[in-house]
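1. Okay, structure incoming, though there's no sequence with it:
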């Protein structure tokens, strides 16, 4: 499998993201394009000006307990409410939110600060996920098909934290063009034992692989082409499904 980074200029609202990518990379039939959710949100004009926000008492309390400004914490609370979520935990640096955005049909998403942060966005702004990441993935895939004639799948990613593990990895938020989960149940292991519960988080694994090249600082690499992956394409398009809290191995712990 090849991972091919695409370096871009600093992106801004109303930039034609697909055109920028096509100026800097060539696509082949069957490629998968991994895209940073922040890059997509930025070019769609979803960055939030903090000066426009009036913080609530809850936002001021969270800022005092977990850092960041009250305005940033209010932006986080607003995004949490928009995605039908709640705050479920905190530490000296972050607030853990549990989200069920429109269109997510199974499970919830555990995310630091509802996906909002101030990295890789101009001072005075914060940026989170695209307003509709399913529509974003669909649009970019269609643009690539129209402009190149190539069938390219799209996965929109974000960095994430994991329980009891140091450092960030990445998750896939939405996918257009392939099944994000590979169900291994019923298959045999090396010794003929049947797998009972194993389902591979295929899209999440690709997101983390791409994130090695995207980075989380000043790499200016918001996209990675994944090639020679041997993953079959499908009609799947939507949020990557999760697991319901009552079925979660970590229930009661996080």
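-> It's in. Computed from a predicted model, the values in this text were never measured in an experiment.

2. ok, residue 157 - contacts?
-> 34-37, 170-173, 207, 210-211, 214 (Cβ atoms under 8 Å, 6 or more residues apart in numbering). All C-beta atoms are positioned from the backbone trio N, CA, C, and that covers glycine.

3. Please indicate which of those are buried?
-> Buried members of the contacts of residue 157, counted by 16 or more other Cβ atoms under 10 Å: 34-37, 170-173, 207, 210-211, 214.

4. Going by distance to residue 3, which of the residues you listed wins?
-> residue 210 (6.4 Å; Cβ to Cβ).

5. Now do the contacts for the closest one.
-> Taking Cβ under 8 Å, 6+ apart, one finds 3, 34, 155, 157, 170, 224, 226 in contact with residue 210.

6. Quick one: neighbours of residue 231, just the number.
-> For residue 231, the neighbour count with other Cβ atoms under 10 Å is 18.

7. Can you verify it is assigned to a helix?
-> No. Read with DSSP: H, G, I helix; E, B strand; the rest coil, residue 231 is coil and lies in no helix.

8. So in terms of bridging, what pairs with the nearest residue to it once chain neighbours are set aside?
-> Among residues not flanking residue 231 along the chain, residue 178 sits closest, at 5.5 Å (Cβ to Cβ, 6 or more residues apart in numbering). With DSSP bridges applied, residue 178 shows beta-bridge pairing to residue 233.

9. Let me know the pLDDT of residue 178.
-> Model confidence at residue 178, expressed as pLDDT, equals 98.

10. What of residue 230?
-> Confidence score, pLDDT, at residue 230: 95.

11. which one is it nearest to, not counting chain neighbours?
-> residue 1 (7.8 Å).

12. residues touching residue 204, list them.
-> 170-172, 180, 240.

13. for residue 41, same thing?
-> With Cβ under 8 Å, 6+ apart, residue 41 has these contacts: 47, 127-131.

14. Flag the shaky bits of the protein, pLDDT-wise.
-> Low-confidence segments of the chain (pLDDT under 70): 254.

15. now with 50?
-> Within the chain, not a single segment meets pLDDT under 50.

16. the domain parsing of it - what is it?
-> 1-46+130-240, 47-128 (automatic domain parsing).

17. On the three-state scheme, residue 102 is what?
-> Per three-state DSSP, residue 102 ends up coil.

18. what does the longest helix anywhere in the chain rub up against?
-> Longest helix in the chain by number of residues (criterion: DSSP state H): helix 133-148. With contact meaning Cβ under 8 Å, 6+ apart, helix 133-148 is reached by 17-19, 22, 27, 33, 35, 37, 40, 44, 103, 130, 150-156, 173-177, 237-239.

19. Can you show me the helices along the stretch 51-200 of the chain?
-> Assigned by DSSP state H, counting those that start in this stretch, the stretch 51-200 of the chain shows helices spanning 57-66, 70-82, 133-148.

20. The second one to helix 57-66, inter-axis angle?
-> Read it as helix 70-82. Calculated by axes from the mean of the first three to the mean of the last three Cα atoms, to 10 degrees, helix 70-82 forms an angle of 120 degrees with helix 57-66.

21. which strands and helices sit next to helix 70-82?
-> If contacts are counted by 3 or more Cβ pairs under 8 Å, 6 or more residues apart in numbering; DSSP states H and E, helix 70-82 sits against helix 57-66, strand 86-90, strand 95-99.
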